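> What follows is a predicted protein model with its sequence.
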Amino acid sequence: MRRTSTAMKRFGVWGTVLALTLSLAACSQGSASSGGGGDSDTVTLNGDRADFADGFALASDELQELTGFGLDARDVPSTENYQQIVRSSLKTNSTTDIVKWWNGYRLQELARSGGLADLSDEWDKAVEEGWVNPDTRDSFAYDDKVYGLPIYKSYWVIFYSKQVFADAGIEPPTTWAEFESNNDKLKSAGVTPLFATQEAGWTSFIWFAEILAKLDPEFYQKLMDGEAKYTDPTARRAMEIWSDMYAKGWFTTPDTAWDTEPALFAAGTVAQVPMGTWRNGTYAESMDESEYGAYLLPVVEEGVAPSVVVESGVITMAEKAPNPEAAREVMANWLNPKVQQPWVDEIKDTSANPEVSTADPVLSSVLDQVKDEEPVELVRYWEAGPPALIEGGVQFLGAFMANPTPENIDPTLEKLQQLADTEWANWKADGK
C-alpha cells in the first residue's frame, strides 16, 4: 500500500467528510425547500448500507399505506465517514429526520449529545402490541429514556460452504474439538478454513470477541461492562487460542480486502466466515440456498454456557428532525408486522419483532439452533462499550492480527487495559 504523510492522510479523511457533510446538508435543505420542512409526505432517512435500498423502498410502500408517509432513504458508502457526518449534522438544520445507527453505548453517545428525540412512547406502543421484546429495552435506552428502535436482529454465526464441507468429508461442528479438526482437514485440502481481516478496521474485533464469548460468556459481559480487565487470565486465554489458530494457518491474511469476502466464500476459496446474519442477503445474491449454511460456534470447553453474539441495528429520530410529526408516525409503525415482513424478506435477515417469521432456510436453521440451544445473548463488541474505547481497541487488535505471536499477547492486552482505564473514566466523567 502506498504511504502518505500523516498530514495528507488527515486532509484526505476530513476533506471527504466535509464534502459528504455538505452534500448531506444540501440534500436535506433541498427536501425542506420542496415541502420537507414539516408538511411533506416523505421522511428522510440516512444510513451507511447501500444494500438496504430495496428493503427501505418496500418498507416505505407499507409505511405510506399505514401512515401516509414514505421514506426517502440515502446512503453514505463509508461507515467511518458516515459516523462523522451524523455526529456533526445531528444537532443542526441539515440533519435527516431519521438516522440508522447502532444500539448500546453508541446510541447512548448520541443521546448524551442532546441530538436525539425521546422515543419512549413509541417503544411502549411496540411493547403493548407485542412487536418487540421488552427485555431488550436497556440496549436502546439512556437515562431511562428510549432513543431508538431495532432495525433488525442479527445473530453472529459461522457461515460455511456446504460443497467445501462435503468435499472435505466434514459436518458443522457441535464441539470445539470438532471445530479444530474441521479446520485441520480444510487446511489439508488446500482451502483456507476461516476468513479474518483487519482491513476494514472494525472487523478486527470479530475473532477475539467470538472466542472470548465461547470461552466464558459471563467474563465477556463483565469485560464489556468494565468490571473485568483485559489482562485477566480469561482474556489472555482467548488471545492464546487466537494466536494458535494463526500459527496453524487457518486464517486469510490480515490485509485481505473486506469487500472480497463474499466472492472468496462463493468461490469456495474460504470455507467459513464469522458474520452477523445481516450478511445473508449478500450471499444470497450469488449463491443458492443449497450451497451454504450457518452454525453457532461451539463453546470452547464442556460445561460452559452456550452463547451467541447479537447485533441490533437502530433507527433513531433527530431532535431537530425537519418533519417531526411524520417522523414520529414512521417510528411508531416501523416494527409493525406489515412493514417488517417485506423488509426482512428483502434484506434476508431476522426481525426484532417476534411475530415476524422467515421463509429463508439458512435463517430458519439459525433460529432453530437458537431455540434448541437457548444461548445467552451477548451484545456485539462494537456496541458493548464506550465508542472511544472500542474504536481504539480494534486498532490494537488489528495490530495483533499483523503479528499474532505469543510474545505479542501481553503487550496487546496491556495496551487494551490502559485504554480501558482511560476511556471508562472519561465515559463516567462525561455522564455526570
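Great, that's in hand.

> Surely Pro173 and Asn182 touch.
Yes. Applying C-beta atoms under 8 Å as the test, Pro173 and Asn182 come out as touching, 5.6 Å apart. The C-beta positions use only the backbone N, C-alpha and C, and glycine is treated the same way.

> Comparing these two, which shows the higher neighbour count?
For Pro173 versus Asn182, the count of surrounding residues by other C-beta atoms under 10 Å is larger for Asn182: 22 against 19.

> could you measure the more buried one against Tyr295, distance?
Between Asn182 and Tyr295 the computed distance is 11 Å (C-beta to C-beta, to the nearest Å).

> so what sits against both of the two?
Shared contacts of Asn182 and Tyr295 (C-beta atoms under 8 Å, 6 or more residues apart in numbering): Pro173.

> On the three-state scheme, Trp156 is what?
strand (DSSP: H, G, I helix; E, B strand; the rest coil).

> Lys214 versus that one, what's the distance?
11 Å.

> what about Ala402, neighbour count?
Number of residues near Ala402 (other C-beta under 10 Å) recorded here: 12.

> how about the nearest residue to it, chain neighbours excluded?
With C-beta to C-beta, 6 or more residues apart in numbering as the criterion, Ala402 has its nearest non-adjacent residue at 5.2 Å, and that residue is Pro254.

> Confirm the one you found sits in a strand?
No. According to three-state DSSP, the state of Pro254 is coil, so it is not within a strand.

> Val394 versus that one, what's the distance?
When distances are taken as C-beta to C-beta, Pro254 and Val394 turn out to be 13 Å apart.

> same thing with Ser357?
Between Ser357 and Val394 the computed distance is 35 Å (C-beta to C-beta).

> Next: Val376.
Using C-beta to C-beta, we find Val376 at a distance of 23 Å from Val394.

> and if you look at Asp138?
Asp138 is 24 Å from Val394, where distance means C-beta to C-beta.

> who's more crowded, the two?
Taking other C-beta under 10 Å, Asp138 and Val394 do not tie; Val394 has more neighbours (21 against 12).

> Can you show me the strands along the chain?
Under the criterion DSSP state E, the chain carries strands at the ranges 42-47, 70-75, 98-102, 141-142, 145-146, 149-150, 154-161, 192-194, 270-276, 292-295, 307-311, 313-317, 376-379.

> Of all these, which one is nearest Lys248?
Set against Lys248 and scored by C-beta to C-beta, those come closest in strand 192-194, at 8.7 Å.

> average model confidence for that closest one?
Averaging pLDDT along strand 192-194 yields 98.

> ditto for stretch 357-370
Per-residue confidence for stretch 357-370 averages out to 95 on the pLDDT scale.

> Could the C-alpha coordinates of that stretch be exported in PDB?
Only the C-alpha atoms of stretch 357-370 are listed here, as PDB (Å, rounded to 0.1, in the frame of the first residue of the first chain):
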ATOM      1  CA  SER A 357     -41.200 -15.100  10.600                       C
ATOM      2  CA  THR A 358     -38.800 -16.000   7.800                       C
ATOM      3  CA  ALA A 359     -39.000 -18.500   5.000                       C
ATOM      4  CA  ASP A 360     -35.200 -18.300   4.300                       C
ATOM      5  CA  PRO A 361     -33.800 -21.800   5.000                       C
ATOM      6  CA  VAL A 362     -30.400 -20.500   6.300                       C
ATOM      7  CA  LEU A 363     -32.100 -18.100   8.700                       C
ATOM      8  CA  SER A 364     -34.700 -20.700   9.800                       C
ATOM      9  CA  SER A 365     -31.800 -23.000  10.600                       C
ATOM     10  CA  VAL A 366     -30.200 -20.400  12.800                       C
ATOM     11  CA  LEU A 367     -33.400 -19.700  14.600                       C
ATOM     12  CA  ASP A 368     -33.900 -23.400  15.200                       C
ATOM     13  CA  GLN A 369     -30.400 -23.700  16.700                       C
ATOM     14  CA  VAL A 370     -31.100 -20.700  18.900                       C
END
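
> ok, and what's touching it?
Contacts to stretch 357-370, defined as C-beta under 8 Å, 6+ apart, come from residues 155, 157, 159, 277, 280, 283-284, 289, 292-296, 308, 344-345, 348-351.

> Tell me, how many residues neighbour Thr269?
16.

> excluding its backbone neighbours, what's nearest it?
Excluding the flanking residues, the one nearest Thr269 by C-beta to C-beta, 6+ apart is Thr192, at 6.4 Å.

> If that neighbour is in a bridge, with which residues?
Val270 (DSSP bridges).

> Can you give me the neighbour number for it?
Taking other C-beta under 10 Å as the criterion, the count of residues near Thr192 is 22.

> quick one: it and Thr174, what's the gap?
If you measure Thr192 against Thr174 using C-beta to C-beta, the figure is 23 Å.

> got the contact list for Ala402?
With contacts defined as C-beta under 8 Å, 6+ apart, the neighbours of Ala402 are 198, 254-255.

> same thing with Val376?
Here Val376 is in contact with 217, 305-308 (criterion: C-beta under 8 Å, 6+ apart).

> so what's the spatially closest residue to Ile347 that is not a sequence neighbour up against?
Once its chain neighbours are removed from consideration, Ile347 has its nearest residue in Gly55; the separation is 4.4 Å (C-beta to C-beta, 6+ apart). Gly55 sits next to 342-344, 346-347 when contact means C-beta under 8 Å, 6+ apart.

> Enumerate every residue touching Asn408.
When contacts are taken as C-beta under 8 Å, 6+ apart, Asn408 is in contact with 243, 400.

> if I look at it, how far off is Ser351?
When C-beta to C-beta is the yardstick, Asn408 and Ser351 sit 41 Å from each other.

> just Val157 next, same as before
Taking C-beta to C-beta as the measure, Val157 and Ser351 are separated by 17 Å.

> What ranges in this protein fall below the confidence cut-off?
In the predicted model of the chain, residues 1-39, 432 satisfy pLDDT under 70.

> mind redoing it with 50?
Across the chain, residues meeting the criterion (pLDDT under 50) sit at 1-38.

> In the sheet, which residues pair with the spatially most central residue of it? Tell me.
Relative to the mean C-alpha position of the chain, the nearest C-alpha, by C-alpha atoms, centre = their mean, is the one of Glu311, at 5.3 Å. Partner residues in beta bridges with Glu311, using DSSP bridges, are Ser154.

> Including neighbour count, could the contacts of Gly55 go into TSV?
Compiled in TSV, the contacts of Gly55 are given as follows (neighbours: other C-beta atoms under 10 Å):
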residue	neighbour count
Pro342	17
Trp343	27
Val344	24
Glu346	18
Ile347	26
